[in-house]
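Student: Have a look at this fold, sequence not included:
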């Protein structure tokens, strides 16, 4: 059986290719994907071969989605054909193999399949929030309102932060963040922004900040917002050191903690405070989706056929402010 997959053939070149769908091994399942979610920042960085990316071509992007099980290996238990399962780092493909250690079944009928398609990427936001160990009543700020920032905004509010402050250049993103739980929204170029944020936090500054733009200049600015002994979670992948930071003034002297929040820095087996396994985070997010306390669909801006991938990525790499929540619908092929 032939499937389809999106491939970055070389720098800047995208194609949709056929491939032979493999048979799952004894400890694997085979998914027929329904939706996969585009992580615009990461995928465009790989396509443009920016520093600190995969650096190899051909490359198959995509790490977040959901599919239906169509075949299982002999050793697989508690999973059957027809089950919905998260597509976890298995690529933008019509069919994907998932190893037993990465199987998360979505068995609650209250969860919409389109919402569940975002769980893997939302878990990245969740672990970034967890590492801040926000206490109820502390202030929080989300710097950058891409997909990760939108989920981080909701999760900071669920974690008991107040006020929840956000910043982004795009007024539509700021408005959406306010609808999803933010208390205040600013543009990073707003005059006297650091002073305004201190006024909102009783003159103290922000206790917990999530930096999710991946731009060094944004981290430089975020440090001016931080309270003494505040924490900054580095959720965005800062690939290019394009700004100088006075570490003595803003980190050493103030006691601010910078916390690496790459999703791969997780425990593999047992969760503990501030550091949860991806499986435990997936299950937590699914519960929040089932109750409606976490929302994914308002983040969606486009649902497109994978056949349009070359045109889509060309557009994404040519804009400084790509659309939010782009989803490939594999049922359209």
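Tutor: Arrived safely, thanks for sending. Remember, predicted model here, so these are calculated numbers, not experimental data.

Student: can you give me the helices for the stretch 201-333 of the chain?
Tutor: Per DSSP state H, counting those that start in this stretch, the stretch 201-333 of the chain carries helices over the ranges 216-225, 247, 278-291, 309-317.

Student: Could you dump the ones you listed into TSV with mean neighbour count and distance to residue 269 added?
Tutor: (Each C-beta comes from the backbone N, C-alpha and C, glycine too.) Listed next are the helices of the stretch 201-333 of the chain as TSV, based on neighbours: other C-beta atoms under 10 Å; distance: least, C-beta to C-beta, whole Å:
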stretch	mean neighbour count	distance to residue 269
helix 216-225	19	32
helix 247	12	35
helix 278-291	19	10
helix 309-317	17	36
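
Student: so which of those gets nearest residue 7?
Tutor: Taking C-beta to C-beta as the measure, the helices of the stretch 201-333 of the chain were each checked against residue 7, and helix 309-317 came out nearest at 9.1 Å.

Student: weakest of the helices of the stretch 201-333 of the chain by average pLDDT?
Tutor: When the helices of the stretch 201-333 of the chain are ranked by mean pLDDT, helix 247 comes last with a mean of 91.

Student: Does residue 126 belong to a helix, a strand or coil?
Tutor: Using DSSP: H, G, I helix; E, B strand; the rest coil, the three-state assignment for residue 126 comes out as helix.

Student: Can you give me every residue that contacts it?
Tutor: Contacts for residue 126 (C-beta atoms under 8 Å, 6 or more residues apart in numbering) come out as 151, 155, 276, 281, 284-285.

Student: So for it, what's the pLDDT?
Tutor: With respect to pLDDT, residue 126 scores 98.

Student: any idea of the mean pLDDT for stretch 43-62?
Tutor: For stretch 43-62, the mean confidence score works out to 88.

Student: can you check stretch 163-179 too?
Tutor: 97.

Student: what about it, distance to the chain center?
Tutor: Going by C-alpha atoms, centre = their mean, to the nearest Å, the spacing between the C-alpha centre of stretch 163-179 and its chain's C-alpha centre is 17 Å.

Student: can you redo the helices of the stretch 201-333 of the chain as CSV with distance to residue 32?
Tutor: Written out in CSV, the entries for the helices of the stretch 201-333 of the chain read as follows (distance: least, C-beta to C-beta, whole Å):
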stretch, distance to residue 32
helix 216-225, 39
helix 247, 50
helix 278-291, 20
helix 309-317, 18
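
Student: of all those helices, which lies closest to residue 62?
Tutor: Nearest of the helices of the stretch 201-333 of the chain to residue 62, taken as C-beta to C-beta: helix 309-317 at 10.0 Å.
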